[in-house]
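**Q** Kindly generate the corresponding structure for this input.
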Amino acid sequence: MANHFSALKRARQTEKRTARNRGNTSRLRSQLRAFRESLAKADKPAAEQAFRQTVSALDKAIQKGVVHENTASRYKSRLNSRLTALK
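**A** Next up, the predicted model:
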């Protein structure tokens, strides 16, 4: 365990950041899973609604530093192509 005051503070900050990052990552992964499930059901209106929510979640994840902008762009492209194939 840390002994210096600065090291103790850093340990506290790391715990907070870890919890925040875990929450943001979990939120994104849940939304991606919900979209994939709507694709599996082949329900076009529900899939389109879920796609919009998923893109929004990806954009928020970029802002929060969870995923890189290029990674999110790749996700959007692949998910959009799967949505288009459903139609």
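**Q** roughly how far out does stretch 70-82 sit from the chain middle?
**A** Put simply, stretch 70-82 sits 12 Å off its chain's centre (CA atoms, centre = their mean, to the nearest Å).
**Q** Can you tell me what sits against that stretch?
**A** 32, 35, 39, 51, 54-55, 58-59, 61-62, 67 (CB atoms under 8 Å, 6 or more residues apart in numbering). Where you see a C-beta, it was placed from the backbone N, CA and C, and this is true even at glycine.
**Q** could you flag which of the residues you listed are buried?
**A** 32, 35, 39, 51, 54-55, 58, 61-62, 67 (16 or more other CB atoms under 10 Å).
**Q** Report the two of the residues you listed separated the most.
**A** Within those, two members stand farthest from each other by CB to CB: 39 and 62, at 22.4 Å.
**Q** Give the full set of residues in contact with the residue positioned nearest the centre of the chain.
**A** In the chain, the C-alpha nearest the mean C-alpha coordinate belongs to residue 28, at 2.3 Å (CA atoms, centre = their mean). By CB under 8 Å, 6+ apart, the contact list for residue 28 reads 57-58, 60-61, 66-67.
**Q** If anything else comes up later, I'll come back, but that's it for now.
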